[in-house]
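1. With the input below, show me the fold.
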Amino acid sequence: MASKNENKGTMAFADTIRHYLEKRAESDALFAVKFANPSKSVEDCATFIINEVKKSGCNGFTDDEIFGMATHFYEEDEIEVGNPINCKVVVNHTVELTEEEKEQARQDAIERLRQEEMAKLRKPIQPKKATEKKTQDVQPSLFDF
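-> Model prediction:
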């Protein structure tokens, strides 16, 4: 099962794709017809893109490359979506956190700090080892005679 953050990243990815496709459909009547295809969904489009990315072996893509794959998905009548892949998708756009998520992150950070400080207090204090004084050979000075 994917963690909350992974789902949030994947949801942000699908939302970014959806937003791009809706904008494109508004300005391109021919694409709008393809985008309205009831047998296709943005979730399937995201799965298709993730599978294409995996096949490529690359980890980073430009927005245009990803949006090109999304457009291709809708323009092709017969296209293999592939199986959903459990992965983490990183979107280089800002992901807004809810107030509850912000408060939870704050509480988690406070708890981690508290645990770190408690660990420091529980750790026995090691006395510092006295450094051995090395006897230096002092050369007599002519003025010492």
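2. hey, let's count contacts and neighbours off CA atoms from now on
-> Fine.
3. In which helix or strand does His72 reside?
-> Using DSSP states H and E, His72 falls within helix 63-75.
4. Pull up the gap between the nearest residue to Thr10 once chain neighbours are set aside and Glu100, please.
-> Among residues not flanking Thr10 along the chain, Val89 sits closest, at 5.3 Å (C-alpha to C-alpha, 6 or more residues apart in numbering). Distance from Val89 to Glu100, counting by C-alpha to C-alpha, to the nearest Å: 22 Å.
5. More neighbours: which of these two?
-> The neighbour comparison of Val89 against Glu100 (other C-alpha atoms under 10 Å) goes to Val89, with 17 against 9.
6. Phe35 versus that one, what's the distance?
-> Counting by C-alpha to C-alpha, the gap from Val89 to Phe35 is 23 Å.
7. I'd like to know how many residues surround Thr71.
-> Neighbours of Thr71 (other C-alpha under 10 Å): 19.
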